[in-house]
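Student: no sequence on this one, just coordinates:
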């Protein structure tokens, strides 16, 4: 008897479909392009302002090449971009943020796998009243877990453009990343990656290089963590094998009784 036929006998159709369909796919093919000249419909993603109960904040901001325009070294403090947003939304000033610099990059680790749904909080120059002067933006990329790499080996690996998949871009004013309590959430709708699991996020500043700018200022970044357990493929095969044994025993019992 074929394995598919055995599975149909052992598992109700709805259970089999739910179990097999719950396993996230492997990450989609990496791509290295910018969002310049590409519409959100073409990249198949959305940006919204909403609260999530599954937020997991960055646990580590990894050394990255800063861009131009940063005149205050305190704005290069990587830890300022980790954890929850570090200011109350009824306050105009916040000294705790990480400037990318115009054209700069930053890598973030979340200590867990997540779906391609990333939330950003931005605070230009630490003062919300100046947002009309600076419509800054970043391209958002994701990458899968890089195994046991750490330190310089991990940084070198994260600088390899081939491991990254572009989700889309976030603008601090247009998308409300600077003045919304729930930040700006970018979510991929691309079926080839929407159910994939990732470990790292890369932000690449795409702000205009005009006077006095130091790029996108990251107050905090969060991802949608995987809150439900996912059956391992080996567990599913084990269940099918157990079912096959049960079917085989039942058939043998019926043949014995018939004799």
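Tutor: That came through fine. No experiment lies behind these values; they were computed from the predicted model shown. Numbers count the residues shown, from 1 in each chain.
Student: now what about the strand or helix carrying residue 46, what contacts it?
Tutor: In this assignment (DSSP states H and E), residue 46 forms part of strand 45-48. The list of residues contacting strand 45-48 from outside it, by CB atoms under 8 Å, 6 or more residues apart in numbering, reads 40, 167, 168, 170, 175, 184, 185, 186, 187, 188, 189, 190. For every residue, glycine as well, the C-beta is placed using N, CA and C.
Student: The third one touches residue 36, doesn't it?
Tutor: No. Counting by CB atoms under 8 Å, residue 168 does not reach residue 36; the two are 11.9 Å apart.
Student: Which one's more surrounded, the two?
Tutor: Higher neighbour count among residue 168 and residue 36: residue 168, with 25 against 8, using other CB atoms under 10 Å.
Student: So what sits opposite the nearest residue to that one once chain neighbours are set aside in the bridge?
Tutor: In space, and not counting its chain neighbours, residue 168 is closest to residue 45: 3.9 Å by CB to CB, 6 or more residues apart in numbering. Beta-bridge partners recorded for residue 45 (DSSP bridges): residue 188.
Student: Can you tell me how far residue 45 is from residue 140?
Tutor: The gap separating residue 45 from residue 140 is 9 Å, by CB to CB, to the nearest Å.
Student: Give me the common contacts of those two.
Tutor: The overlap between the contact sets of residue 45 and residue 140 (CB under 8 Å, 6+ apart) consists of 167, 168, 186.
Student: export those to JSON lines and tack on distance to residue 106, pLDDT and secondary structure?
Tutor: Listed next are the shared contacts of residue 45 and residue 140 as JSON lines, based on distance: CB to CB, whole Å; pLDDT from 0 to 100; DSSP: H, G, I helix; E, B strand; the rest coil:
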{"residue": "167", "distance to residue 106": "15", "pLDDT": "94", "secondary structure": "strand"}
{"residue": "168", "distance to residue 106": "17", "pLDDT": "94", "secondary structure": "strand"}
{"residue": "186", "distance to residue 106": "15", "pLDDT": "96", "secondary structure": "strand"}
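Student: Could you save those as CSV and add columns showing distance to residue 74?
Tutor: Output for the shared contacts of residue 45 and residue 140, formatted as CSV (distance: CB to CB, whole Å):
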residue, distance to residue 74
167, 29
168, 30
186, 27
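Student: ok, those residues vs residue 51, which is closest?
Tutor: When these are compared for distance to residue 51 (CB to CB), residue 186 comes out closest, at 15.1 Å.
Student: Identify the bridge partners of residue 218.
Tutor: Beta-bridge pairing of residue 218 under DSSP bridges involves residue 98, residue 122.
Student: quick one: the strands in this protein?
Tutor: Secondary structure of the chain (DSSP state E): strands at 45-48, 55-57, 60-62, 98-99, 105-122, 137-143, 165-171, 184-188, 198-205, 217-225.
Student: which of these is buried the deepest?
Tutor: When the strands of the chain are scored by mean count of other CB atoms under 10 Å, the highest mean neighbour count falls to strand 98-99 (a mean of 30).
Student: by contact count, what packs against that strand?
Tutor: Using 3 or more CB pairs under 8 Å, 6 or more residues apart in numbering; DSSP states H and E as the contact criterion, the secondary-structure elements in contact with strand 98-99 are strand 217-225.
Student: now do 10 Å
Tutor: The criterion is 3 or more CB pairs under 10 Å, 6 or more residues apart in numbering; DSSP states H and E, and the helices and strands that strand 98-99 contacts are strand 105-122, strand 217-225.
Student: how about the helices in the protein?
Tutor: Counting by DSSP state H, the chain has helices at residues 3-10, 13-21, 40-43, 151-158, 233-258.
Student: need the least confident one among those, by mean pLDDT.
Tutor: Between these, the lowest average pLDDT goes to helix 13-21, which shows a mean of 35.
Student: ok, so what distance separates residue 150 from residue 156?
Tutor: Remark: distance between residue 150 and residue 156 (CB to CB) = 11 Å.
Student: One more: residue 114?
Tutor: Residue 114 sits 23 Å away from residue 156, going by CB to CB.
Student: hang on, the earlier thing: dump the strands of the chain into a markdown table; add distance to residue 78 as well.
Tutor: Supplementary listing: the strands of the chain in a markdown table, determined by distance: least, CB to CB, whole Å:
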| stretch | distance to residue 78 |
| --- | --- |
| strand 45-48 | 25 |
| strand 55-57 | 14 |
| strand 60-62 | 4 |
| strand 98-99 | 6 |
| strand 105-122 | 8 |
| strand 137-143 | 16 |
| strand 165-171 | 19 |
| strand 184-188 | 21 |
| strand 198-205 | 12 |
| strand 217-225 | 10 |
